Every structure is written in C-alpha cells, then in structure tokens.
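Novice: Task: produce atomic coordinates for the following.
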Amino acid sequence: MTVDAHKETLGFQTEAKQLLHLMIHSLYSNREIFLRELISNASDAADKLRFEALENDSLYEGDSDLKVRVSVDKEARTLTISDNGIGMSRDEVIEHLGTIAKSGTAQFLKNLTGDQKKDSKLIGQFGVGFYSAFIVADKVVVTTRKAGFPASEAVRWESAGEAEFSVETVEKADRGTSIELHLRSDADEFADDWRLRSIIKKYSDHIDIPVLMQKLQTSEEDKDKAPEDEVVNTATALWTRSRSDISDEEYKEFYKHVSHDYADPLTWSHNRVEGKLDYTSLLYVPEHAPFDLYNRDGARGLKLYVQRTFIMDDAEQFLPLYLRFIKGVVDSNDLSLNVSREILQKDPNIDTMRTALTKRVLDMLTKMAKNEPEQYAKFWTEFGQVLKEGPAEDFANREKIAKLLRFASTHTDKPEQDQSLDDYISRMQEGQDKIYYIAAENFNTAKNSPHLEVFRKKGIEVLLMFDRVDEWLMSHLMEYDGKSFQDAGKGELDLGKLDSEDEKQAQEKQAEELKPLLERVKKALENDVAEVRITHRLTESPACVVVAEHEMGAQMRRILEQAGQKVPESKPSFELNPDHPLVQKLDQEPDEDRFADLAKVLFDQANLAEGTQLEDPAAYVQRLNKLLLELSH
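Specialist: As a prediction, the model looks like this:
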C-alpha cells in the first residue's frame, strides 16, 4: 500500500477480486442491467438524503431538487451516471467500493452456475450491483462528496477492475456521486443516446426522481441552441398511480427495483386504503427465496414512505416474522414525518396497518392457491417452511394460515407436499373425527413408520411430516375446521368409531391374557421404558415405541439436542404386537437372560424404525449376534 497526504492505493478483498473477474470475463449475456443497478443506487442515495434531511434540512445545501443525470461522451467513450443524493465519505468509499463487506457476496459466488444468462441475473440480488459497471467498462472513476462535508473533502475512487483501486481526496463543489465509466471496445452500444434512453425507460421508468439526459438535437435550429436536459423517465412513484394505468411489465420492473431480485415476482397486490387510515401498499411475493430466508434476525420488511418521503428500507413492523419474504412498499399519510424505529413500534396506527397488511398477504396467497395451483406449488417449495411458523406467531389468523399449509400424505405416498387440510378432510372416512399425522426425520422414515400399519390396514389417511419445523407447528395447531389433530405416534391409540365394538373387546381380552408377558418385558426394560402394553397400531411389525400424548416427540428432541439445548428426561411406552411370531416366541422363552436379550433387541429395533439413534449401538449388535449364533446351532 502506498500513501501520501491525499491518495492511497489499496488491494481488493479476495472475494471482490473473484467477483470483478467474473463481471469482466463471464457475465455478458444481459449487459444492460448495469445501468439499472447504477440508477437504482443513485435513487437510493436520494432517498437516504431525504431521510437525513428530515432532521437536518441544511444537508440539502440549498438544493432540494433531487435528480439523476446520465450523460455520454462518444469521442472520449465515457458514460457518466451522477446524482445529488447523500454522497459518501472517504471511509464509506473504501468500505462500500473496496471490500464488499456484505456476507451475501460469498453466497453470490457459490450460487453461480456457469450459465451466463442465469448468472448475470444474480447481480443486484446480493448487493453487488455497483460492480456490474465492469461488465461494460475497463476503468471506473467514482467522484463523491457526502452531504454536509466541505468541498475540499470529496473523494475520487478509481479502478481498472484488477487487483487494486486508488482513493484520493479531491475538490467537488456539489454533493452527491458521479460514476464515470470508460467503455470497453465492445461496448459501443452504451455510447448511443437512443439505446440508453430505451434501457432507462425499460428498467427505471418508475424511479420517483427524474432521470435526466441531454435533449436530443433533431433539427438544424437545435444545434445553435444551448444544450438542455430533459426527463427520460415518468418520475412518478409507481405505487401512487392508479392500478388501471400500470402494466404488468411496469409492476415487474418496480419489483426488481425494490427487491434487487433478478426474477419476476409470482404475484402482487396493489391497494389504496382511505378512511380512518389513509395509506397505499404494493406487496410482492417473490419467485425465489433469498439466501438468508432462515435467518430470523436478518434485514427484512417493506420500504416505508410517509407522504412519498422515503423513511426506511426495512420497516419490519408492518408484517409478522413468518411473512418476512414479502417485498414491497407502504406509503402512509397518517405517520409523523419525524418517524423513527422507536416511534414506529409504539404508534397504534402501525398495529392497525399491520393487521390489514397481514390479511392482504394471506388473501393474496389464498387466491393464488385457488386460481393458480402451479404457481402456489412453486411458492410452497420456496417458502412453505417459513409459512409453517405462522400458527405459532399469529393466533388471529391461525385458520387462514392452516388453509394454506401443504403436506405429504399416505394418500399419494409421494414426498411432494401438495395435499391441503381441506383435501384431507374431503377424504375422511365416515365416523372419523380426527386429522391423523406422523412427524419424522425424513420422508422415508415417516412413510415407513410402523405406527401407520393399522391406518393402512383400515384405509385411514395420515399426513406425513418431515420438515424440521413440523412438530413445533403441530404443538400450536390444535384443530382445523372443527377437527382436532392426532399424532399417530403419541399416546394410546383410540380410533373411536373407526374401531368396531368387537375389535375393542378383543383388544381388551388380549391385553388381560398377556399381562404376565407385559410384566416380564417391563422388568427387562425397566430403565428404558415407562410402560409396556399391547399395541393397536401394528399389523406387521413386532413392536414400536410411543411417547406420551403431551411429551416432546423424537423429531423435536433431535433438533434441540443438535442445537446443544438440554432436553427433559422422559421414557417412552413400549407396545408389543401379540400376533407377531417374534412376540409369541418371546412369550414362550423360559430363560430370563435370553428373554431379556430378545426384549432389548426388539426395543432397539423399534427405536431404529423411528429413526432414533441408539445410545449403545455396540450392545445392540452384540445381543443380535448372540441370538443369531444361537439360531445357527
């Protein structure tokens, strides 16, 4: 690193080097997106100045007319995007343009597929939009001065996109940022006025500050006049316009602006509320989950405007956490202009708006599920696990959320989660008053659980749950449409009217006859089980383990243990199938030591069938080998 009073040369962070190399050499399929990204950044800078100026009007420095200017010099082969927004200090320039401090960059590099068209679309989604300048430029010069700083403390950043960049203190009379791109030899199209205008109209028409270009000279008379600027975009905040005046294409481009996503949204809802509260919302459901979806502490929320004045990027107070994937804008006339995070959390109008916006999102998803099932299937694949957090967090909308949930089921025996609770209820048997489900580590463990044997025999459908969140979900989802939920692997199974009186009497008689066997097994397993009883669940397996009705299931215990949390001690019940040859052989075994070995093998096998890790696998193997050797003699 070389340093003097005003200039220093620094090396790029390793990830930045990789990124620049890709930008320059690989991502060429959709080059025009660089202009969208740079204009979006300029618009963000204007928004940030508006917000800062709410408390300190002097930051405008006598110029509150915010704008972006795009200019081109064909002879010098330069394209310049400048704004009079917030600007950057020297430290901010080094942080934002030199080191890429965002965690998303590593994920960006990991997500690259080698498909140029797909990869180029990732730009922006991971906060690397500025670097897209190097797709068309072999040198980029950024000159910036932060609002409120003296003209002598402006900064010039320069790089050819190789291993290093320079930062120099310079003079700049006006605040804001100017980005000068020295175009590559194959980027002539971006020195053409008409081409640039078409890109701005395509991607940035909705930006709510004017994007200016020099007026085109169309006649001999124009050549004698001083050049004038003209507005290229409509410069109307899209959400303030009437829905009938906005095309689907405009809605999609605005989504890309607010979300920095590369793909079109799955659906959106644009709504104006007038009356007791006055606000406008434009909400989008993305097509793809962001890389940090499962980070509940990550940045999320809607862009908040008050009377079209930008307040904050991630206003999280307007939607519950389980809807953190929703993107969009909310603009209110009923919030104070000096609004802050603290005030937002306490303002009663926020609670009213949050309730209404939550309902609007759920209605939007309900409509998609009903009218566009294929689109909803895409949504569920990306966001289903997050939506499953809803019943625990939003009691008021529990039934609505439950209607949107999707599960795998023994009806199809496929791993796809495509069965709704309404689908299940429509197939319930006569006399069935419960919705049965099983929760397990994965789909195959759930599908092949011995607990399902009697259900399959009687043709009773069972929901198959295997997402990490499922058991926690079901601890908060007690009923749906008047039907209670029943875990097929918990408690003593009571099929109610689905069992005949003859079956119930036969079960009671069998349990009485086998009391001596149950007592012997209980003695052999006294340190491992709470109770031993005859099963009503099994038709093919010899035994199964069952946790008590209100105790934590095996799936939840595993998750907590993996997270290093202490799990309360509990012992399962052990159920035996009296019709199975192994259990009948066990009952006839006179040798107590051999009886105990066989009982423990059956108990360990039952745990393995549930996907549970044995506490002492070696002991299980020894017992099994011992029994196999005895059988061979």
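
Novice: Which residues does the single longest helix found in the chain contact?
Specialist: Longest helix in the chain, counting residues (DSSP state H): helix 348-371. Helix 348-371 is contacted by residues 266-269, 271, 273, 276-277, 279, 281, 283, 285, 317-320, 323, 326, 330, 332, 334-335, 344, 375-376, 379, 387, 394, 396-397, 400-401, 403-404, 420 when judged by CB atoms under 8 Å, 6 or more residues apart in numbering. Bear in mind the C-beta positions are built from the backbone N, C-alpha and C, glycine included.

Novice: rerun that using 6 Å as the cut-off
Specialist: Contacts with helix 348-371, where a contact means CB atoms under 6 Å, 6 or more residues apart in numbering, come from 267, 269, 277, 281, 317-319, 323, 326, 334, 344, 375-376, 397, 400, 404.

Novice: Restricted to buried residues, select these in PyMOL.
Specialist: Buried subset of the contacts of helix 348-371, written as a PyMOL selection, criterion 16 or more other CB atoms under 10 Å:
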select buried, resi 267+269+281+317+318+319+323+326+334+344+376+397+400+404
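
Novice: Nearest to residue 238 among the contacts of helix 348-371?
Specialist: residue 281 (12.4 Å; CB to CB).

Novice: As a check, name the ranges of all helices in the stretch 401-550 of the chain.
Specialist: Taking DSSP state H, counting those that start in this stretch as the test, the helices found in the stretch 401-550 of the chain are 421-426, 443-447, 453-458, 470-474, 501-513, 515-524.

Novice: Please state the offset of the longest helix of the chain from the chain centre?
Specialist: Offset of helix 348-371 from its chain centre (CA atoms, centre = their mean, to the nearest Å): 18 Å.

Novice: ditto for stretch 168-185
Specialist: 37 Å.

Novice: Would you mind confirming that residue 493 is in contact with residue 536?
Specialist: Yes - the criterion here is CB atoms under 6 Å, and residue 493 meets it with residue 536 at 5.0 Å.

Novice: can you give me phi and psi for the residue positioned nearest the centre of the chain?
Specialist: Nearest to the mean C-alpha position of the chain, by CA atoms, centre = their mean, lies residue 293 at 2.9 Å. Note on residue 293: its backbone torsions stand at phi -60, psi -40 [degrees, to the nearest 10].

Novice: can you pull the pLDDT of residue 616?
Specialist: What the model reports for residue 616 is a pLDDT of 87.

Novice: I misspoke; the intended subject was residue 303.
Specialist: Residue 303 carries a pLDDT value of 88.

Novice: And for residue 4?
Specialist: Looking at residue 4, its pLDDT is 45.

Novice: cool, residue 548 as well?
Specialist: If you check residue 548, the pLDDT there is 83.

Novice: Contacts only, for it.
Specialist: Counting by CB under 6 Å, 6+ apart, residue 548 has no contacts.

Novice: circling back to that earlier point, could the helices of the stretch 401-550 of the chain be laid out in a markdown table, adding mean neighbour count and distance to residue 135?
Specialist: As requested, these are exported to a markdown table (neighbours: other CB atoms under 10 Å; distance: least, CB to CB, whole Å):
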| stretch | mean neighbour count | distance to residue 135 |
| --- | --- | --- |
| helix 421-426 | 15 | 48 |
| helix 443-447 | 19 | 43 |
| helix 453-458 | 16 | 58 |
| helix 470-474 | 21 | 44 |
| helix 501-513 | 11 | 72 |
| helix 515-524 | 17 | 71 |
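
Novice: The closest residue to residue 8 other than its chain neighbours in helix, strand or coil?
Specialist: Of all residues not flanking residue 8 in the chain, residue 167 sits nearest, at 5.6 Å (CB to CB, 6 or more residues apart in numbering). At residue 167 the chain is in strand, as set by DSSP: H, G, I helix; E, B strand; the rest coil.

Novice: Touching, residue 167 and residue 157? I think so.
Specialist: Yes - between residue 167 and residue 157 there is a contact under CB under 6 Å: 5.5 Å.

Novice: one step back: per-residue confidence for the residue nearest to the centre of the chain?
Specialist: pLDDT for residue 293: 80.

Novice: Can you show me the strands along the stretch 101-250 of the chain?
Specialist: In the stretch 101-250 of the chain, the segments counted as strands under DSSP state E, counting those that start in this stretch are 137-145, 154-159, 164-170, 176-183, 211-214, 229-231.

Novice: can you list the weak-confidence ranges in the stretch 451-600 of the chain?
Specialist: Within the stretch 451-600 of the chain, the segments meeting pLDDT under 70 span 554-555, 558-563.

Novice: need the strands for it, in chain order.
Specialist: Listed in chain order, the strands of the stretch 451-600 of the chain (DSSP E, counting those that start in this stretch) span 463-465, 479-480, 483-487, 531-534, 543-546, 573-576.

Novice: Let's see the distance spanning stretch 304-319 from one end to the other.
Specialist: End-to-end distance of stretch 304-319 (CA to CA, to the nearest Å): 12 Å.

Novice: what does stretch 521-541 give?
Specialist: Using CA to CA, the two ends of stretch 521-541 sit 17 Å apart.

Novice: now residue 230, nearest residue through space, not along the chain?
Specialist: Counting by CB to CB, 6+ apart, residue 215 is the residue found nearest to residue 230 once chain neighbours are left out, at 4.4 Å.

Novice: Let me know whether the one you found touches residue 228 as I believe.
Specialist: Yes - counting by CB under 6 Å, residue 215 does reach residue 228; the two are 4.6 Å apart.

Novice: Give me the more crowded residue out of those two.
Specialist: For residue 215 versus residue 228, the count of surrounding residues by other CB atoms under 10 Å is larger for residue 215: 14 against 10.

Novice: hmm, back to that, now the longest helix of the chain: buried residues?
Specialist: Within helix 348-371, the residues that count as buried by 16+ other CB under 10 Å are 350, 353, 357-358, 360-362, 364-365, 368-369.

Novice: Run a quick neighbour tally on residue 540.
Specialist: Neighbour number of residue 540 under other CB under 10 Å is 12.

Novice: again with residue 295
Specialist: Residue 295, neighbours per other CB under 10 Å, totals 12.

Novice: domains for the chain, by residue range?
Specialist: Domain segmentation of the chain under automatic domain parsing yields 2-231, 238-376, 395-497, 500-549+564-632.

Novice: Adding distance to residue 557, write the ones you listed out as JSON lines.
Specialist: Shown next, in JSON lines, are the domains of the chain (distance: least, CB to CB, whole Å):
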{"stretch": "domain 2-231", "distance to residue 557": "31"}
{"stretch": "domain 238-376", "distance to residue 557": "21"}
{"stretch": "domain 395-497", "distance to residue 557": "9"}
{"stretch": "domain 500-549+564-632", "distance to residue 557": "5"}
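
Novice: Any idea which of those has the lowest pLDDT on average?
Specialist: Here the lowest mean pLDDT among the domains of the chain goes to domain 2-231, at a mean of 82.

Novice: how distant is that one from the center of its chain?
Specialist: Its chain's average C-alpha position is 29 Å from that of domain 2-231, according to CA atoms, centre = their mean.

Novice: Same check on stretch 422-436?
Specialist: Centroid separation for stretch 422-436 versus its chain: 32 Å, with CA atoms, centre = their mean.

Novice: With only the CA atoms kept, save that stretch in PDB.
Specialist: These are the backbone C-alpha positions of stretch 422-436, laid out as PDB (Å, rounded to 0.1, in the frame of the first residue of the first chain):
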ATOM      1  CA  ASP A 422     -59.200 -29.400   3.000                       C
ATOM      2  CA  ASP A 423     -58.100 -32.200   0.700                       C
ATOM      3  CA  TYR A 424     -57.500 -34.400   3.700                       C
ATOM      4  CA  ILE A 425     -60.900 -33.600   5.200                       C
ATOM      5  CA  SER A 426     -62.700 -34.300   1.900                       C
ATOM      6  CA  ARG A 427     -61.400 -37.900   2.000                       C
ATOM      7  CA  MET A 428     -62.100 -38.600   5.700                       C
ATOM      8  CA  GLN A 429     -63.900 -41.800   6.500                       C
ATOM      9  CA  GLU A 430     -67.400 -42.000   7.900                       C
ATOM     10  CA  GLY A 431     -67.200 -41.600  11.600                       C
ATOM     11  CA  GLN A 432     -63.600 -40.100  11.500                       C
ATOM     12  CA  ASP A 433     -63.400 -37.000  13.700                       C
ATOM     13  CA  LYS A 434     -59.600 -36.500  13.800                       C
ATOM     14  CA  ILE A 435     -56.900 -35.500  11.400                       C
ATOM     15  CA  TYR A 436     -54.000 -38.000  11.800                       C
END
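
Novice: Cool, thanks, talk later.
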